[in-house]
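Asks: Sharing a sequence plus its predicted fold:
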Amino acid sequence: MVCPKCQREIADYSSYCYYCGTRQARAAEVGAPPRRLHRSVVDSKIAGVCGGLGEYFDTDSTIVRLVWALVTIFTGIVPGILVYLAAWLIMPLGPAYMQAPAAAPGPTQTPHA
Ligand SMILES: [Zn+2]
């Protein structure tokens, strides 16, 4: 890639230009994958909508559920349920890599002799 300031060739993964020290915008893009709003695969009570919101906003999903429940109650129940159903339809299920690891083997059941 080419530094936008001094127009010299630098390595693609560089965060800063070696010649003029300008921070390269590219470094930020390469970092973490873009944050997507999706239903949680792991943290789910009904459809994972609140869990997904909790993951997205980096908040405890229990707080999201509590707020959702309160808003639902104070708006006459139906709107909250409709919004939940809409979110269920609209939000894609979270990516597979966020899935919980396969159920850990419980205490091995050794047959009694
Ligand atoms: Zn430069």
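Replies: Sure, I can see it. Residues are numbered from 1 along each chain as shown.

Asks: Val67: which element?
Replies: helix 61-74 (DSSP states H and E).

Asks: List the buried residues for that helix?
Replies: Buried residues in helix 61-74, counted by 16 or more other CB atoms under 10 Å: Ser61, Val64, Arg65, Trp68, Thr72. From N, CA and C alone the C-beta is placed, and that goes for glycine too.

Asks: That helix - contacts with which helices or strands?
Replies: Contact partners of helix 61-74 among helices and strands, from 3 or more CB pairs under 8 Å, 6 or more residues apart in numbering; DSSP states H and E: helix 49-56, helix 78-90.

Asks: out of the ones you listed, deepest packed?
Replies: helix 49-56 (a mean of 23; mean count of other CB atoms under 10 Å).

Asks: Let me know the angle separating that one from helix 78-90.
Replies: Here helix 49-56 points in a direction 70 degrees away from that of helix 78-90 (axes from the mean of the first three to the mean of the last three CA atoms, to 10 degrees).
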